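K.L.:
quick one, what's the 3D model for this:
(2 chains)
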Protein chains: 2
Amino acid sequence: MFSFTLETGAGDGPRCGRLETDHGTVETPLFMPVGTQGAVKALSPEDLLSLRVGMILANTYHLYLRPGHRIIERLGGLHRFMGWTGPILTDSGGYQVLSLGALRRISEEGVLFRSHLDGAPHMLTPEDVVRIQNALGSDIGMVLDECIGFPCTHGEAWEAMERTLRWAKRSLKVVREEVPVTLFAIVQGGVYADLRRACAEELCGMDFPGYALGGLGVGETKEKTFETVETVTPLLPPQSPRYLMGMGTPLDLVEAVARGVDMFDCVLPTRNGRNGTLFTRFGKIQIRNSRYADDDGPIDPECGCYTCRNFSRAYLRHLFLSRELLAYRLNSIHNVRFYQDLMERMRGAIRAGTFPEFRRNLMENLERSEEEEEAPGGQGAQRSRNGGGLWQGVHTRSAEG
Amino acid sequence: MFSFTLETGAGDGPRCGRLETDHGTVETPLFMPVGTQGAVKALSPEDLLSLRVGMILANTYHLYLRPGHRIIERLGGLHRFMGWTGPILTDSGGYQVLSLGALRRISEEGVLFRSHLDGAPHMLTPEDVVRIQNALGSDIGMVLDECIGFPCTHGEAWEAMERTLRWAKRSLKVVREEVPVTLFAIVQGGVYADLRRACAEELCGMDFPGYALGGLGVGETKEKTFETVETVTPLLPPQSPRYLMGMGTPLDLVEAVARGVDMFDCVLPTRNGRNGTLFTRFGKIQIRNSRYADDDGPIDPECGCYTCRNFSRAYLRHLFLSRELLAYRLNSIHNVRFYQDLMERMRGAIRAGTFPEFRRNLMENLERSEEEEEAPGGQGAQRSRNGGGLWQGVHTRSAEG
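P.N.:
A predicted model of the protein is given here:
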């Protein structure tokens, strides 16, 4: 069972909706914490429930390699395996395959790659990926797509987009003839508006239950990111959910919601938590900073999370500097709560008709941030040359390794 | 406020009691999980409460170096700092100083050492250590003692024991004239019964509120360990609590309780949790073992911990192999619960007068263990040459680094 009901808004502005799945109903705009390997890093299902997380993301590629989808299927599916009763979206692994670089070869048939775990060769076709997601029991699966890097020529982007379309068609065939996965399509096309438009129109013709924007936040400017979102969302059917993959910062979410996006995932709250970077209403703080050495206050006095209700900045700093495992959990609890609160406030503002003020206030508050934002590790760090400041993002589509 | 009430038993057999402190009352025999740096590794105060942990251990040496006892004092003491409302015992750091090896020099005045964090020189006297524990707000503090390694000549053991006695006297002076810390003495003397006897008698003459057995589990045979416990406990005042420092395995606890010990601490449940070694009623299991790859059952079907109620061995194996932070927490929850259950069952058996059967059953069950016990990392691994099998122990007095 899958349905999406649009409650407020239309095709290209901020909108609220309701996603119904076999594992419960969630409200949109929705943020999904990332549980790549079948666990949201440092958090238990109980933690996620108490943080009011509705839906999480897992990764087909990672779970296929370890522990293997057959094992998960035998043990009753991914929900039972990881003890999570809410809905799960699984990313296909297209992005992971891209990041394997020299270890993969893409052909019309599918992707030939070497496992990042043991170097063993594997072949995955778009059809396989649908079947694997069915074995996992995903509430929403994603088509296998061909992700491209940045920069990328128009010709390369066109080829990858065309292949993504052919693969989408093959994936849909498996859904219609074999396994009843709720499968979302992925719009590709790089930063080329004509390709994005062509891709979106073709995919809409195939009638998917939902549409994602892929290949964004990979190095292009933020202006280009949101230009692309603006190009694509008006072309998508208003009654279907739209999902911006792998992004992003609090401001990214607000800007994408302003342009009609319903769903998000990003490793930022959890990865930043593990890096000691904590979100507050007034910007990010680095908990390792010596100014917090005897700061008795919580991360954010208005936050109601377990961490803020019980621990001072001084203690969190001590735990982080001492590399105590508890640090990663307490920080992640706070950051995920920050994201959940942000989504709730956005939904409230959309319903109240005050989203424009909400967006303006948020931007002003975050601009008053006392500390300069720092690029997180991994892909984000690599990209700090391209963006920066408040717009500094991180794209980590489904993969928190 | 501190008092100990013996409820069942006498001086040298299994006994039940009640320890009252400013932060609540706990029942003995008691096991204290180790929170060296102001956090029990991977567990939150909420976790500890739900595991029915009554009292925890922290380390004076570690907290003195980082974040510093002055900061903790300014922030309202260790309880408030770490968000733990129950009682806390702090070890003095004598054992940590021993393990610094070449980085420390012991004189009559105290210990001159270099910080393991940054190499900076520090001098700590027995008086300082009492004052630091007062600043931390410990419910029970320990005297600074001179720990010796194993093996050790009679002469060396005698000298260290004599110094420990002089330091105990100086510590008590600070308690009586300056700061009202509840201070336990530590009986030293290596494996030499005459020294242990002399030390115990001298210390008892000073009238401490509690007595610890130190310098055990450092390489001597298990037979020698418990011979020493048997030598010492009958000499201690029956109305005072006895604490065997840094030990041990489930069998260690039972054997020491049989000889009149009331209190224990050990890193074993948490460290083993992080190593993927899980306790069950029938011995330890290595969760990484491939036999658990699709094992749908809990670690122990009779265990009521969060981990066993919600997750299969297959999932725990997957988390552990994937190095997910959640693995360390879930494993630690189970192992600490195992230790808490063990203590509860022991107390029940003592009260019911069935301790001898309990002890026999436990030993038989653990001997049926399907897997050979493995030495844990660190000190334990080093000592696997000395002991072995079911007796294999780990001494990690107060320090889980």
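K.L.:
which parts of chain A sit against chain B?
P.N.:
Chain A comes close to chain B at residues A:37-39, A:41-46, A:66-67, A:71, A:74-76, A:81-83, A:274, A:293-294, A:296, A:306, A:310-312, A:314-315, A:317-319, A:321-322, A:324-326, A:328-330, as judged by CB under 8 Å from any CB of the partner chain. Heads up, the C-betas are built off the backbone N, CA and C, glycines and all.
K.L.:
please check the residues you listed and keep the buried ones.
P.N.:
A:37-39, A:41-45, A:66-67, A:71, A:75, A:81-83, A:274, A:293-294, A:306, A:310-312, A:314-315, A:317-319, A:321-322, A:324-326, A:328-330 (16 or more other CB atoms under 10 Å in any protein chain shown).
K.L.:
got any ranges where the stretch 51-200 of chain A has weak pLDDT?
P.N.:
Applying pLDDT under 70 to the stretch 51-200 of chain A flags no residue at all.
K.L.:
which parts of it are strands?
P.N.:
Assigned strands in the stretch 51-200 of chain A, in chain order: A:56-59, A:88-91, A:104-106, A:111-114, A:121-124, A:140-142, A:183-187 (criterion: DSSP state E, counting those that start in this stretch).
K.L.:
next: the stretch 201-350 of chain A.
P.N.:
A:211-213, A:242-244, A:263-265, A:277-280, A:283-286.
K.L.:
for chain B, give me its nearest residue in the stretch 151-300 of chain A.
P.N.:
residue A:294 (5.0 Å; CB to the nearest CB).
K.L.:
contact partners for that residue?
P.N.:
The contact partners of residue A:294, taken as CB atoms under 8 Å, 6 or more residues apart in numbering or on different chains, are A:314, B:71, B:74, B:75.
K.L.:
ok, those vs residue A:158, which is closest?
P.N.:
residue A:314 (55.1 Å; CB to CB).
K.L.:
which ones are touching the residue nearest in space to the middle of chain A?
P.N.:
Nearest to the mean C-alpha position of chain A, by CA atoms, centre = their mean, lies residue A:265 at 1.8 Å. Contacts were defined as CB under 8 Å, 6+ apart; by that measure residue A:265 touches A:31, A:32, A:33, A:34, A:57, A:89, A:91, A:243, A:245, A:246, A:397, A:398.
K.L.:
quick one, domains of chain A?
P.N.:
A:2-265, A:272-386 (automatic domain parsing).
K.L.:
distance between the ends of the longest one?
P.N.:
This means domain A:2-265. 19 Å (CA to CA, to the nearest Å).
K.L.:
next structured bit after the top helix by length along chain A?
P.N.:
Using DSSP state H, we find that the single longest helix of chain A is helix A:325-352. Note on helix A:325-352: by DSSP states H and E, the next helix or strand toward the C-terminus is helix A:355-367.
K.L.:
which residues does residue A:254 contact?
P.N.:
Applying CB under 8 Å, 6+ apart to residue A:254 gives the contacts A:342, A:346, A:358, A:359, A:362, A:363.
K.L.:
which of these has the weakest pLDDT?
P.N.:
Least confident entry in the contacts of residue A:254, by pLDDT: residue A:363, with 89.
K.L.:
from what I can see that one touches residue A:251, true?
P.N.:
Yes: taking contacts as CB atoms under 8 Å, residue A:363 lies within contact range of residue A:251: 6.7 Å.
K.L.:
what about these two, which has more around it?
P.N.:
residue A:251 (19 against 15; other CB atoms under 10 Å in any protein chain shown).
K.L.:
the more buried one against residue A:360, yeah?
P.N.:
No: using CB under 8 Å, residue A:251 makes no contact with residue A:360, being 11.7 Å away.
K.L.:
what separation do you get for whichever residue of the stretch 101-250 of chain A sits closest to chain B and residue B:159?
P.N.:
Proximity of the stretch 101-250 of chain A to chain B (CB to the nearest CB) peaks at residue A:117, 9.4 Å away. Distance from residue A:117 to residue B:159, counting by CB to CB, to the nearest Å: 55 Å.
K.L.:
quick one: which of those two has more around it?
P.N.:
residue B:159 (14 against 11).
K.L.:
measure the more buried one to residue B:190 for me?
P.N.:
From residue B:159 to residue B:190 the distance is 11 Å (CB to CB).
K.L.:
ok, now residue A:293?
P.N.:
Distance from residue A:293 to residue B:190, by CB to CB: 41 Å.
K.L.:
then residue A:151?
P.N.:
Residue A:151 is 71 Å from residue B:190, by CB to CB.
K.L.:
which one of the two is surrounded by more residues?
P.N.:
Each of residue A:151 and residue B:190 has its neighbours counted (other CB under 10 Å); residue B:190 has more, 27 against 12.
K.L.:
hang on, isn't the more buried one packed against residue B:149?
P.N.:
No: using CB under 8 Å, residue B:190 makes no contact with residue B:149, being 9.2 Å away.
K.L.:
returning to that earlier point: for the residue nearest to the centre of chain A, give the beta-bridge partners.
P.N.:
Beta-bridge partners recorded for residue A:265 (DSSP bridges): residue A:32.
K.L.:
nearest residue to residue A:94 other than its sequence neighbours?
P.N.:
residue A:145 (4.1 Å; CB to CB, 6 or more residues apart in numbering or on different chains).
K.L.:
give the contact list for that neighbour.
P.N.:
Residue A:145 touches A:92, A:94, A:164, A:167, A:168, A:186, A:188, A:214, counting by CB under 8 Å, 6+ apart.
K.L.:
pull out the buried members of the residues you listed.
P.N.:
Looks like the contacts of residue A:145 have A:92, A:94, A:164, A:167, A:168, A:186, A:188, A:214 buried, using 16+ other CB under 10 Å.
K.L.:
if I look at the fifth one, how far off is residue A:200?
P.N.:
Just to be clear, that refers to residue A:168. Residue A:168 is 12 Å from residue A:200, by CB to CB.
K.L.:
the nearest residue to residue A:117 once chain neighbours are set aside - how many residues pack around it?
P.N.:
Residue nearest to residue A:117 in three dimensions, not counting chain neighbours: residue A:65, with 5.7 Å by CB to CB, 6+ apart. Using other CB under 10 Å, residue A:65 has 20 other residues around it.
K.L.:
which ones are touching residue A:65?
P.N.:
A:115, A:116, A:117, A:122.
K.L.:
hmm, 10 Å instead?
P.N.:
If a contact means CB atoms under 10 Å, 6 or more residues apart in numbering or on different chains, then residue A:65 has A:37, A:59, A:93, A:96, A:113, A:115, A:116, A:117, A:118, A:120, A:122 as its contacts.
K.L.:
same deal with residue A:188?
P.N.:
Contacts of residue A:188 (CB under 10 Å, 6+ apart): A:94, A:145-148, A:157-158, A:160-165, A:168, A:195-196, A:199-200, A:203, A:212-216.
K.L.:
in helices only, show me the residues you listed.
P.N.:
A:94, A:157-158, A:160-165, A:168, A:195-196, A:199-200, A:203.
K.L.:
just the CA trace of stretch A:240-260, in PDB.
P.N.:
Provided in PDB are the C-alpha atoms of stretch A:240-260 (Å, rounded to 0.1, in the frame of the first residue of the first chain):
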ATOM      1  CA  SER A 240       3.000  12.800  -6.600                       C
ATOM      2  CA  PRO A 241       5.700  13.200  -3.900                       C
ATOM      3  CA  ARG A 242       9.100  14.800  -4.900                       C
ATOM      4  CA  TYR A 243      12.300  13.800  -3.300                       C
ATOM      5  CA  LEU A 244      15.500  15.800  -3.400                       C
ATOM      6  CA  MET A 245      18.200  13.100  -2.800                       C
ATOM      7  CA  GLY A 246      21.100  13.500  -0.400                       C
ATOM      8  CA  MET A 247      20.700  17.100   0.600                       C
ATOM      9  CA  GLY A 248      21.300  19.000   2.800                       C
ATOM     10  CA  THR A 249      21.800  21.900   5.200                       C
ATOM     11  CA  PRO A 250      18.800  23.500   7.000                       C
ATOM     12  CA  LEU A 251      18.800  26.300   4.500                       C
ATOM     13  CA  ASP A 252      18.900  23.700   1.600                       C
ATOM     14  CA  LEU A 253      15.800  22.100   3.000                       C
ATOM     15  CA  VAL A 254      13.900  25.400   3.300                       C
ATOM     16  CA  GLU A 255      14.900  26.500  -0.200                       C
ATOM     17  CA  ALA A 256      13.900  23.200  -1.700                       C
ATOM     18  CA  VAL A 257      10.600  23.200   0.200                       C
ATOM     19  CA  ALA A 258      10.000  26.700  -1.100                       C
ATOM     20  CA  ARG A 259      10.200  25.200  -4.600                       C
ATOM     21  CA  GLY A 260       7.800  22.300  -4.000                       C
END
